[in-house]
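In: For reference, the sequence and a predicted model appear below.
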Amino acid sequence: MSRNNLAYAYRSAGRLDEAIGLHERTLADQDRLLGADHPDTLTSKSNLAGAYWSAGRLDEAIGLHERTLADRERVLGADHTCTLMSQNNLANAYGSAGRSDEAIGLHERTLADRERVLGADHPDTLMSKSNLAGAYRSAGRLDGATALYKQTITEMERVLGCDHPYTRITRDNLAALQVPQES
């Protein structure tokens, strides 16, 4: 756990090579000591995929996110919150790689699953709405993105408050969408 936390701190500080090395070592040790299907091992796998994503190693990130999602579905079940987080992470990675249709489809699935499992007002569900709006934006579906951002901001303000980080991020994303682009 300490090694994993240090790796995350390295990642947050932009020390990505150190973060990746430590995440890889942690994953290998957990796999050996706890087994490939242990929830902590799956979390380490997800963290390593996130570090790859941060470093721009999108193919490696996507491959590892896909394996983590499949493993979490098999071990924890499709409705487990960690499985839903893996769906979200994979959708974000697809979006970063320019795979808009896959990103939108998985974001839509994640939103529907989170609404069903967690409820419409859960912070993770609300963030899924914001992520879906971002995927619409990236795909050039600006009307859909704008409408979903506005709806999500209203819901976030009601549930989380105006100053919650999720509300602020979503408000900033809508503002960036509405800024006229230079030609």
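Out: Ah, there it is.
In: Now the residue positioned nearest the centre of the chain: which helix or strand?
Out: For the chain, the residue nearest the mean C-alpha position is N89 (3.1 Å; C-alpha atoms, centre = their mean). Using DSSP states H and E, N89 maps to helix 81-96.
In: Can you name every helix or strand that that helix contacts?
Out: Where contact means 3 or more C-beta pairs under 8 Å, 6 or more residues apart in numbering; DSSP states H and E, helix 81-96 is packed against helix 39-54, helix 58-76, helix 100-118, helix 123-138. Every C-beta, even on glycine, is put in place using the N, C-alpha and C of the backbone.
In: So for V159, which of those sits nearest?
Out: helix 123-138 (6.6 Å; C-beta to C-beta).
In: Heading C-terminal from that closest one, find the next helix or strand.
Out: With DSSP H and E, the next secondary element past helix 123-138 is helix 142-159.
In: Tell me the helices and strands packed up against that next one.
Out: helix 123-138, helix 165-178.
In: And the longest one, what's buried?
Out: If I follow you right, that is helix 123-138. Neighbour-count burial for helix 123-138 flags 124-137 (criterion: 16 or more other C-beta atoms under 10 Å).
In: quick one: contacts of it?
Out: With contacts defined as C-beta atoms under 8 Å, 6 or more residues apart in numbering, helix 123-138 is touched by 81, 84-85, 88, 91-92, 95, 100, 103-104, 107-108, 110-111, 114-115, 118-119, 142, 144-145, 148-149, 151-152, 155-156, 159-160, 166, 169-170, 173-174, 177.
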